[in-house]
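>>> Here you go, sequence then predicted model.
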Amino acid sequence: MSDVQDSIREQVEGNPVILYMKGSPQFPQCGFSMRAAQALAGCGVEFAYVNVLEDEGIRQGIKEYGNWPTIPQLYVNGELLGGCDIIMEMHESGELQEAVKAATPDA
């Protein structure tokens with residue numbers, strides 16, 4: 001399991017904004033992932049994503065990595081911001097855009 005955790009750590013630390021989701025932003029495989037990806041896209045910054053449906057190890061490992069039981073999960077500058085509900089609340093309040101813009105100043 002440590003290889004999976006190492007891979008997740010590299011992904012999280014190597015991308016200022018990364019969304020662990022079911023499917024892709026273009027073809028989300030669940031409504032929560034779709035809403036999270038749309039909220040991020042609405043912020044106007046590029047973000048990385050990992051389709052957890054392609055790798056069962058990552059799918060389970062990300063829940064342990066962030067100690068968060070559900071997917072999607074959003075990490076900004078290596079820190080877990082939360083899942084769909086938190087992402088949507090942050091999007092509505094403007095906090096999400098501030099966080100991702102601060103993480104990607106060159107965007």
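Good, I have the coordinates.
>>> give me the number of residues near Ala39?
When neighbours are defined as other Cβ atoms under 10 Å, Ala39 has 21 of them. Bear in mind the C-beta positions are built from the backbone N, C-alpha and C, glycine included.
>>> do the same with Ile86
17.
>>> ok, for it, nearest residue in space, not its chain neighbours?
The shortest distance from Ile86 to any residue other than its chain neighbours is 8.0 Å, reached at Leu74 (Cβ to Cβ, 6 or more residues apart in numbering).
>>> wait, doesn't Ala48 sit right on Leu19?
Yes - the pair Ala48 and Leu19 passes the contact test of Cβ atoms under 8 Å, sitting 7.4 Å apart.
>>> For the residue nearest to Ile86, what are phi and psi?
Dihedral pair for Leu74: phi -110, psi 130, per degrees, to the nearest 10.
>>> Tell me the buried residues in the strand or helix carrying Ser7?
Using DSSP states H and E, Ser7 sits in helix 2-14. For helix 2-14, burial by neighbour count (16 or more other Cβ atoms under 10 Å) applies to Val4, Ser7, Ile8, Gln11, Val12.
>>> All good on my end, thank you.
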